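>>> Give me a 3D structure for the following:
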Amino acid sequence: MPEEKKIFVSIYCKIFTDSFSEEMVNRRATGTEIYDFLMKDAGMAFDEEGHLIQGDCNLWYLGCNEKFGCLRVNDKILDWDFGESSFDRVESFVSLIYLERVFTDEQYRILLEKIKEGRLIDNMYDIPKYLIAKREGTPWVKTQRH
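Numbers count the residues shown, from 1 in each chain. The predicted structure is shown next:
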C-alpha cells in the first residue's frame, strides 16, 4: 500500500483561554490526519448542567470563533483577526487541501456538508444549543447577531 501524501498545514484559532487543540499547528500531515482533526470533537460544548455534549467538531470553531486564527496549506495562509472568522475561509482552506489531492472525494464532500451545517450555527456560543436541538429533533433558529 503506498504511503499517503503529506502536506504542511497549520490549523489554529484562539477560543476561550486557548482551549483549541494545537495538534495541527505547523506540521506535515496526511489528508486522513487533517480530516480526522477537523471532524474530531473539540470537547467544548456543555449543557446548562455542565455535561459534555458530543458533536462539536473542530471545524466549526474555525468558522465562527470571536477571536483570531490561522489556516495554512503549504505557502498559502488564511488568517483573521477579532470578529473576522468565516466559513468562507474554512471552505477555501478545505478546497486548497482537496486540490493538493490529499482528501478523498468523500472526505471533501463530508467536510463541505459540515461547513454548511456550521453556517447554520454561525456563533460558537450557540454550538451547544444547536447540538441539543439536533439531538432532541427540535427546530434550530440561528441567533441574530447585533
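
>>> give the contact list for the residue nearest the centre of the chain.
For the chain, the residue nearest the mean C-alpha position is residue 59 (0.8 Å; Cα atoms, centre = their mean). Going by Cβ atoms under 8 Å, 6 or more residues apart in numbering, residue 59 touches 38, 39, 90, 111, 114, 115, 118. (Each C-beta comes from the backbone N, C-alpha and C, glycine too.)

>>> The second one: how many residues sit nearby?
Other residues lying near residue 39 total 14 when counted by other Cβ atoms under 10 Å.

>>> So which of the contacts of residue 59 wins on neighbours?
Neighbour max across the contacts of residue 59 (other Cβ under 10 Å) = residue 90, 27 neighbours.

>>> residues of the helix or strand harbouring that residue that come out buried?
Using DSSP states H and E, residue 90 falls within helix 87-99. By 16 or more other Cβ atoms under 10 Å, the buried positions in helix 87-99 come out as 87, 89, 90, 91, 93, 94, 96, 97, 98.

>>> ok and the longest strand along the chain relative to helix 87-99, angle-wise?
In the chain, ranked by residue count with DSSP state E as the criterion, the top strand is strand 6-13. Calculated by axes from the mean of the first three to the mean of the last three Cα atoms, to 10 degrees, strand 6-13 forms an angle of 170 degrees with helix 87-99.

>>> what element comes up after strand 6-13 heading to the C-terminus?
In the C-terminal direction, the helix or strand that comes right after strand 6-13 (DSSP H and E) is strand 27-30.

>>> Quick check: what element follows that following strand along the chain?
Taking DSSP H and E, what comes next after strand 27-30 is helix 31-39.
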